[in-house]
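K.L.:
no FASTA, just this:
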Ligand code: AMP
Ligand code: MG
């Protein structure tokens, strides 16, 4: 399949290109597009065959459900059974934006889209290109991240092209994703709210609308903690091709510990990398040292993480070490992704 690549500016949207992309989606085709979190791989959410194509293009297990993206609150009642009070409150505060909510699904939502579940995940993105595209497609776009299953999520169109060129109909290049980590997911189908995936919208932010937010155990402890509630949580995610280990401890110990491990790898002739911060990057002796940004700048760290993991793959780095981050606020999302990327390999110093 020939993949058409178009560049669209968020500030000056090319309506003709959006119409064309919308027609592809309405006809059951696939279009990758920018959102404020990461790039999405879109298909018509109400067309089961189209969702099937998404799973195949990604190589994604078909029991790992998709998120339906809508362009306005008016679209929500059509795809869910009921809208709990908490959802109105959360939508009022954080939609459009990087928050996904889980509802009981309406009959019109095909099981292909929900990975066989009776519930459905819904999000209203804020990126103007995404919203225009969803409108043009008829209102309901299923869109997981536009990467091959298991790889780091794409934050640049270049990443989508790497993974999806020749596999989908169109890729819209809308520049770098603002946030760089996938949406926060909260389940509203039980009594109260359960945080299933941390993101830019933190637990504290959710608690401004919902009195108590429970956190699914598997988020930081890993799959060993029990059966995951969100099906996607059981799969290996975001992983670079080389081996990644997170090193925790006081800063000087971490630097010393990583450098001594790097020396062993170098002696064995292995290519090494470090995921560092601006404060420490100059102190590591690896083949490739990459800084996520200033340690206190959580936004920068979140935005750069997936790009850096992909860069190590391009450079064919075999052994990587990463500094660790405080798992509070947005740091919870950063550590959640980093731990998954490392397959939960952590060294305490
Ligand atoms: P992605 O689109 O790649 O960011 O992945 C979407 C994730 O949303 C899935 O891996 C699930 O963890 C979660 N999800 C989607 N639908 C549901 C649902 N109905 N119930 C629970 N989690 C869901
Ligand atoms: Mg994904």
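P.N.:
Noted; the coordinates are in hand. All values reported here derive from a predicted model rather than from experimental measurement. Ligands and ions are numbered 1, 2, ... in the order given.

K.L.:
going forward, measure contacts between C-alpha atoms and count neighbours the same way
P.N.:
Fine.

K.L.:
Report the contact partners of the closest residue to residue 249 other than its chain neighbours.
P.N.:
Using Cα to Cα, 6 or more residues apart in numbering and skipping residues adjacent in sequence, the residue nearest residue 249 is residue 349, 5.0 Å away. Residue 349 is in contact with 247-250, 253-254, 257, counting by Cα atoms under 8 Å, 6 or more residues apart in numbering.

K.L.:
which among those end up buried?
P.N.:
Among these, those scoring as buried are 247-248, 254, 257 (criterion: 16 or more other Cα atoms under 10 Å).

K.L.:
list the contacts for the nearest residue to residue 31 once chain neighbours are set aside?
P.N.:
Ranked by Cα to Cα, 6+ apart and with sequence neighbours excluded, the top spatial neighbour of residue 31 is residue 170, at 4.7 Å. Shown in contact with residue 170 (Cα under 8 Å, 6+ apart): 3-6, 21, 30-32.

K.L.:
PyMOL command for the buried members of the residues you listed?
P.N.:
Buried subset of these, written as a PyMOL selection, criterion 16+ other Cα under 10 Å:
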select buried, resi 3+5+6+21+30+31+32
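
K.L.:
ok, which pair from the contacts of residue 170 is furthest apart?
P.N.:
6 and 30 (13.8 Å; Cα to Cα).

K.L.:
Show the average pLDDT along the host helix or strand of residue 32.
P.N.:
Per DSSP states H and E: residue 32 is located in strand 31-33. Per-residue pLDDT over strand 31-33 has a mean of 98.

K.L.:
same thing with stretch 152-166?
P.N.:
pLDDT averaged over stretch 152-166 gives 98.

K.L.:
who touches the strand holding residue 32?
P.N.:
21, 24-25, 39-43, 129-130, 146, 160, 168-174.

K.L.:
Show the subsequent helix or strand relative to it.
P.N.:
strand 40-44.

K.L.:
Remind me what that next one packs against, helices and strands.
P.N.:
helix 15-26, strand 31-33, helix 48-58, strand 141-142 (3 or more Cα pairs under 8 Å, 6 or more residues apart in numbering; DSSP states H and E).

K.L.:
Can you say which of those is packed in most?
P.N.:
Of all the helices and strands packed on strand 40-44, strand 141-142 has the most neighbours on average by mean count of other Cα atoms under 10 Å, namely a mean of 31.

K.L.:
From the chain's centroid, how far away is the helix or strand just after it?
P.N.:
With elements assigned by DSSP H and E, the helix or strand that comes after strand 141-142 is helix 157-164. Centroid separation for helix 157-164 versus its chain: 15 Å, with Cα atoms, centre = their mean, to the nearest Å.

K.L.:
Give me the buried positions along helix 157-164.
P.N.:
157, 159-161, 163-164.

K.L.:
is it anywhere near ligand 1?
P.N.:
No. Helix 157-164 lies apart from ligand 1 when judged by Cα under 6 Å from any ligand atom; the minimum separation is 13.3 Å.

K.L.:
mind listing what's buried in the helix or strand where residue 307 lies?
P.N.:
Residue 307 belongs to helix 298-314 when assigned by DSSP H and E. For helix 298-314, burial by neighbour count (16+ other Cα under 10 Å) applies to 298-310, 312.

K.L.:
what's the span of stretch 69-76 from first residue to last?
P.N.:
Distance between the two ends of stretch 69-76: 10 Å, counting by Cα to Cα, to the nearest Å.

K.L.:
ok, and for it, which residues are buried?
P.N.:
69-72, 76.

K.L.:
distance between the helix or strand harbouring residue 264 and the chain's centre?
P.N.:
According to DSSP H and E, residue 264 maps onto helix 251-267. In this view, helix 251-267 has its centroid 30 Å away from the chain centroid, taken as Cα atoms, centre = their mean.

K.L.:
Contacts for the helix or strand just after that helix, please.
P.N.:
Remark: after helix 251-267, the chain's next helix or strand is strand 272-276, criterion DSSP H and E. Strand 272-276 has contacts (Cα under 8 Å, 6+ apart) with 262, 265-266, 284, 286-292, 308, 312, 317-323.

K.L.:
What pairs with strand 272-276, parallel or antiparallel?
P.N.:
Under the criterion DSSP bridges, strand 272-276 sits next to strand 288-291 (parallel), strand 319-323 (parallel) in its sheet.

K.L.:
Next, count neighbours for residue 79.
P.N.:
21 (other Cα atoms under 10 Å).

K.L.:
Counting neighbours, which of the contacts of strand 272-276 end up buried?
P.N.:
Buried among the contacts of strand 272-276 by 16+ other Cα under 10 Å: 262, 265, 284, 286, 288-292, 308, 312, 317-323.

K.L.:
Now that residue 188 has come up, it's in contact with residue 105, right?
P.N.:
No. The pair residue 188 and residue 105 fails to qualify as a contact (Cα atoms under 8 Å) at a distance of 11.9 Å.
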